[in-house]
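Trainee: show me how the following folds:
(one chain, ligands or ions: 1)
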Amino acid sequence: MELRVFEKYPDLSIGAAAMMINYIERKPDALLCFATGDSPKLAYQLVAETIKREGTDISKCFFIGLDEWLGISPDNTGSCHYFLQQYLFGPMGVESSQSCLFDAMTTNEEEECKKMNKIIAERGGIDLMVAGIGMNGHIGFNEPGTDINSMAHVARLDEITQEVGKKYFTEEVAISKGITVGLKQVLQAKTLLMMASGKKKAPVIKRAVEEKTGTHWPASLIQQHANGVLMIDTEAASELVTQFR
Ligand code: GLP
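Mentor: The predicted model follows:
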């Protein structure tokens, strides 16, 4: 794993966006998997702007969403679907035939997981995984204690995730279950980019970087990844024993 510390959130976003664009240029038929949330939001906007401006060919890429709140409709502004469409897929000009997101309104959760597993398997695994980190150390909705060999699955969301998740919604919603790409698929991604910023993420990053790696704190599994890149800002790095500048 490589740790890169940037001064502030905009610097981190520029760095992450550059890495994503560079990846697409080097592997134009890549399978890219994207998390949602505040951490990658600006980076996604920069990626979309750059791709439009430079006319980067994304026609052979395939894009998938990392996770979704089950039961939340895609037109709800707090859904992962809405987020990816709004900040990345729409502005970047992704065709509907080139992307797959979990259907949060499904009546057949198993089928939904199978659909995602099939896409990932057919493409030989995820090429670039872009993830955030939850306040409980989760990656996607792989909550602490998730089986390291898990494939796409439905997860019961823990209290921290449900509480923190309220920030994405303008109204009160029930967010007790999520659907997510599994830990195995995340860890098997050829490159794993994880991002975090701000003071509140400092203790989360400390555990991810300095604790013994394990599923009790899923983000710490990036330590085991040969091509894992953790991009954070100085605030998120502020509790690390070794200061990286
Ligand atoms: C949510 C999302 C995750 C995301 C995490 C961190 O749980 N479903 O995919 O990585 O939050 O979000 P943020 O970047 O807003 O802190």
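
Trainee: which pLDDT value goes with the closest residue in space to Arg123 that isn't next to it in sequence?
Mentor: Closest residue to Arg123 apart from its sequence neighbours, by Cβ to Cβ, 6 or more residues apart in numbering: Leu31 at 4.2 Å. From N, CA and C alone the C-beta is placed, and that goes for glycine too. Note on Leu31: pLDDT of 98.

Trainee: just Gln243 next, same as before
Mentor: Gln243 is assigned a pLDDT of 59 by the prediction.

Trainee: same check, this time on Ala174
Mentor: pLDDT recorded at Ala174 is 89.

Trainee: for it, which non-adjacent residue is closest in space?
Mentor: Gly71 (6.7 Å).

Trainee: contacting residues around the one you found?
Mentor: 104-105, 174-175, 177 (Cβ atoms under 8 Å, 6 or more residues apart in numbering).

Trainee: ok, Glu111 - how many residues close by?
Mentor: A count of neighbours around Glu111, defined by other Cβ atoms under 10 Å, yields 11.

Trainee: which strand or helix spans it?
Mentor: For Glu111, the host element (DSSP states H and E) is helix 109-122.

Trainee: so who does Glu143 touch?
Mentor: Going by Cβ under 8 Å, 6+ apart, Glu143 touches 134, 136, 155-158, 161, 218.

Trainee: switch the cut-off to 6 Å
Mentor: Counting by Cβ atoms under 6 Å, 6 or more residues apart in numbering, Glu143 touches 155, 158.

Trainee: can you pull the pLDDT of it?
Mentor: Listed pLDDT for Glu143 reads 98.
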